[in-house]
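1. Have a look at this prediction, sequence included:
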Amino acid sequence: MQDSDESGGMAVTITQPDGEPKPPVAGGAAPVMLQVERLAKRYGQVQALDGVSFQARAGEAVALWGSNGAGKTTLLKAMLGLVDYQGAIFVAGLDGKRAGKAARRQIGYVPQEALYYDMSVQATVSFYAHLRRADAERIPVLLSKLGLSEHARKPVHALSGGLKQRLALALALLSDPPVLLLDEPTANLDARTRREYLSFLLELRRQQKTIVFASHRLEEVEVLADRVLLMEAGRIIQELSTEQIRRRLASDIELVLWVPEGQRRQAVSILEGGGLAAHVNGRGTVVVRLDAAQKMQALHLLERHDISVLDFETEKEHSWN
Amino acid sequence: MELRQVWTIAGRELRESLHNRWLLIYAVGFTLLAFALSRASLASAGYAGLGGFGRTAASLVNALLLFVPLLGLSVGAVALAGDRERGTLLYLLAQPVSRAEVFLGKALGAGLAVALALLTGFGMAALALSLGGSGDPVAYLALVGFTVLLVLACLGLGFLIGALTRKASAAMGAALLTWLGLAFLGDLGLIGATLTLRPAPAALLGMLLANPLQVFKLGAIYSLRSTLDTLGPTGQYAVYRFGLLLPLLLAGLLLAWAALSFGFAYLFFNRRRDV
């Protein structure tokens, strides 16, 4: 590993253990590192996963995109062997059902909110390094690269959310696994820390790591993903490029309207009558979800029915939640 | 199964258990009680001319019957359920470890922690006895052995409770209920059954042996006195029926309790894939 920290944070360049960066992926020539076939999982009456199939190659970053309950986290858990499932999962050619432990050795996992035992950073890293059979010399290098060296003696619970997330990534990378599974990796980070974290993940992708991550954030997907699997009700309903998903989300906006209290219900009825999805939110404003091009249509519609719009603003919709 | 993984997990579990405030409270409480009982028994022996060691040991047996099951059940119950509730179990199982390694590591670590807590108490009691120049080392070691077996059986029951519950608070509640059942309701039930059914000594002995605490009591008393006369016809029947094999049988029963409870706990832990 070599450091090329530009921001004083954690932007780094990592080379392979032999010191030579791997060549970029050439088309579909890179080996398949993760293969999921007809995956199904049911929790009681709820079909959490329903016939999910996809594959990811070395050096590829795949985003799992969808609302809460779409099945993203269950899919990640199945790949880790944490839940029973029907279908098949192969990690670096290893069957997750028959060789779960060996398959997990190929995976580094970063949960949405990393939860640790009550130990110091150093003790935590040492514990997981033992379990992952990681080279002890790799520990200080990783801690240094992720800006954790000065926090090594602190108890983990004293770390900020950003540092805990860095620690989760350090643990995932201890044994230098070829596959990384990330569950909403930057969900709890502030903007600056998120940028640093993403730059680090980008470096890992350049090193030919296979990255599969669940996300709600367009920024994350745009920066990191090669392709996006759109999930809904436990199924992959569409596979999109990052450009396609950016266009799709960019066109969706929320128009927030300040309307006199006595006219709010009437405004919603008029907008719905005009084919627009509208509701009154908790703040008492009328919210209309529409294509950016329909903004004026909504305002004209209300004007024609003598509804006073005192003020308005638009908000971008970057997720289905 | 890789022993390296088991030891790694056991070491972490041991360290965490030693920081468990309940374990510390039990250990300190038991140590103080054992030391105080020893000193008090020796003092009264000097006054009344009775054997100090026998008194100390008999007092210890009664204290152990309350302390040890509570210690084993509560530490065992939160070892699995606490980890599951915090989310640390999920993260641990996401590592390249098998469920058997995780279970065995946690059981080994928790077992070492409770054994250490008990041995500290026994060590203090032994120190008090040796200062008073009293003691029967063989009987004392037999008592320690039966106590370790009892705590293992109760730890296994605690693990079983932890494998069946999701929340640490529910596991702790179930552990306390189990303790009440074994320590108090079992005794009351036995008395009630004896009064109403008037069972034969063999049947009463069978009922006694169904409760690991009673098994421990029989083993501990027999180790100290080489007789079970204090238990009346049932005790006499046990000695008559099994003779010198009685301590081995009782130890075997406690071992079976431990093996079965840990075995069932592992089955449920392994079957319940959804962490």
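-> Now that the structure is in, tell me what you want to look at. Everything quoted here is computed from the prediction, not taken from an experiment. Numbering: from 1, shown residues only, chains lettered A, B, ... in the order given.
2. Chain A contacts on the stretch 51-200 of chain B?
-> By CB under 8 Å from any CB of the partner chain, the residues of the stretch 51-200 of chain B that approach chain A are B:Arg86, B:Gly87, B:Thr88, B:Leu90, B:Tyr91, B:Leu93, B:Ala94, B:Gln95, B:Pro96, B:Val97, B:Ser98. All C-beta spots, glycine's among them, are computed from the backbone N, C-alpha and C.
3. closest to A:Arg227 among those?
-> B:Ala94 (24.6 Å; CB to CB).
4. Surely the closest one touches A:Tyr109?
-> Yes. Counting by CB atoms under 8 Å, A:Tyr109 is a contact partner of B:Ala94 at 4.6 Å.
5. Buried ones among the residues of the stretch 51-200 of chain B next to chain A?
-> B:Thr88, B:Leu90, B:Tyr91, B:Leu93, B:Ala94, B:Gln95, B:Pro96, B:Val97, B:Ser98 (16 or more other CB atoms under 10 Å in any protein chain shown).
6. and the residues you listed as JSON lines, adding pLDDT?
-> Output for those, formatted as JSON lines (pLDDT from 0 to 100):
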{"residue": "B:Thr88", "pLDDT": "90"}
{"residue": "B:Leu90", "pLDDT": "91"}
{"residue": "B:Tyr91", "pLDDT": "92"}
{"residue": "B:Leu93", "pLDDT": "94"}
{"residue": "B:Ala94", "pLDDT": "94"}
{"residue": "B:Gln95", "pLDDT": "95"}
{"residue": "B:Pro96", "pLDDT": "95"}
{"residue": "B:Val97", "pLDDT": "95"}
{"residue": "B:Ser98", "pLDDT": "94"}
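7. Out of those, which sit inside helices?
-> B:Thr88, B:Leu90, B:Tyr91, B:Leu93 (DSSP state H).
8. of all these, which two lie farthest apart?
-> Across these (CB to CB), the longest gap, 9.7 Å, separates B:Thr88 and B:Leu93.
9. a strand runs through A:Leu290, doesn't it?
-> Yes. According to DSSP: H, G, I helix; E, B strand; the rest coil, A:Leu290 belongs to a strand.
10. Tell me how many other residues surround it.
-> 21 (other CB atoms under 10 Å in any protein chain shown).
11. now swap in the one 10 residues further on and tell me
-> For A:His300, the count of nearby residues is 11 (other CB under 10 Å).
12. for the one 4 residues further on, same thing?
-> Here the neighbour count serves as a burial measure; for A:Arg304 (other CB under 10 Å) it reads 10.
13. hey, what's A:Leu182 bridged with?
-> A:Val110, A:Phe213 (DSSP bridges).
14. show me what contacts it?
-> Taking CB atoms under 8 Å, 6 or more residues apart in numbering or on different chains, we find A:Leu182 in contact with A:Tyr109, A:Val110, A:Leu201, A:Ile211, A:Val212, A:Phe213, A:Ala214.
15. Distance check, it against A:Ile107.
-> 11 Å (CB to CB, to the nearest Å).
16. gap between stretch B:89-109 and the chain center?
-> Remark: stretch B:89-109 is offset 24 Å from the chain centroid, using CA atoms, centre = their mean, to the nearest Å.
17. What is the end-to-end distance of that stretch?
-> 15 Å (CA to CA, to the nearest Å).
18. which stretches of the chain form helices?
-> No chain was given, so I picked chain A. Going by DSSP H, chain A shows helices at A:72-79, A:100-105, A:121-131, A:138-145, A:161-172, A:191-206, A:218-224, A:242-250, A:264-273, A:295-304.
19. was after chain B, sorry
-> Going by DSSP H, chain B shows helices at B:3-18, B:21-48, B:52-86, B:88-93, B:99-131, B:137-164, B:168-180, B:186-197, B:201-209, B:212-225, B:233-242, B:246-271.
20. Format the ones you listed as TSV; extra columns: distance to A:Arg227.
-> Shown next, in TSV, are the helices of chain B (distance: least, CB to CB, whole Å):
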stretch	distance to A:Arg227
helix B:3-18	36
helix B:21-48	50
helix B:52-86	35
helix B:88-93	28
helix B:99-131	34
helix B:137-164	41
helix B:168-180	42
helix B:186-197	63
helix B:201-209	65
helix B:212-225	59
helix B:233-242	73
helix B:246-271	37
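21. what's the closest of these to A:Ala170?
-> helix B:88-93 (13.6 Å).
22. Check the helices of chain B for me: which has the lowest mean pLDDT.
-> Lowest mean pLDDT within the helices of chain B: helix B:21-48, at a mean of 70.
23. contacting residues around the closest residue to chain A within the stretch 101-250 of chain B?
-> Relative to chain A, the nearest point of the stretch 101-250 of chain B is B:Glu101 (8.4 Å; CB to the nearest CB). Residues near B:Glu101 by CB under 8 Å, 6+ apart: B:Met1, B:Glu2, B:Gln5, B:Val6, B:Ile9.
24. let's see 10 Å
-> Residues near B:Glu101 by CB atoms under 10 Å, 6 or more residues apart in numbering or on different chains: A:101, A:131, B:1-10, B:92, B:95.
25. Leaving out the residues flanking it, which one is nearest to it?
-> Nearest non-adjacent residue to B:Glu101, counting by CB to CB, 6 or more residues apart in numbering or on different chains: B:Gln5, 4.4 Å away.
26. Likewise for A:Ala129?
-> Per CB to CB, 6+ apart, closest to A:Ala129 is A:Leu174, 5.1 Å.
27. Give me the neighbour count for the one you found.
-> Using other CB under 10 Å: A:Leu174 sits among 22 other residues.
28. That one contacts A:Glu137, correct?
-> No. Applying CB atoms under 10 Å as the test, A:Leu174 and A:Glu137 come out as separate, 11.5 Å apart.
29. for chain B, what are the nearby residues on the stretch 151-300 of chain A?
-> For the stretch 151-300 of chain A, the contact set with chain B under CB under 10 Å from any CB of the partner chain comprises A:Ala168, A:Leu171, A:Ala172, A:Leu174, A:Ser175, A:Pro177, A:Leu181.
30. Could you dump the residues you listed into CSV with pLDDT added?
-> As requested, those are exported to CSV (pLDDT from 0 to 100):
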residue, pLDDT
A:Ala168, 92
A:Leu171, 94
A:Ala172, 93
A:Leu174, 93
A:Ser175, 91
A:Pro177, 94
A:Leu181, 96
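31. Relative to A:Ile270, which of those residues is nearest.
-> A:Leu181 (47.1 Å).
32. doesn't A:Tyr109 make contact with that closest one?
-> Yes. A:Leu181 lies in contact with A:Tyr109 (CB under 10 Å); the separation is 5.0 Å.
33. Now list whatever residues contact both of the two.
-> By CB under 10 Å, 6+ apart, the residues touching both A:Leu181 and A:Tyr109 are A:Leu76, A:Lys77, A:Met79, A:Leu80, A:Ala172, B:Ala94.
34. Widest-spaced pair of those?
-> Pairwise over the shared contacts of A:Leu181 and A:Tyr109, using CB to CB, the maximum falls at A:Lys77 and A:Ala172, 15.3 Å.
35. rewinding a little: and the helices of chain A: which comes nearest B:Arg166?
-> Of those, nearest to B:Arg166 by CB to CB is helix A:72-79, at 16.2 Å.
36. is the closest one anywhere near chain B?
-> Yes. Applying CB under 10 Å from any CB, one finds helix A:72-79 in contact with chain B at A:Thr74, A:Leu76, A:Lys77, A:Met79.
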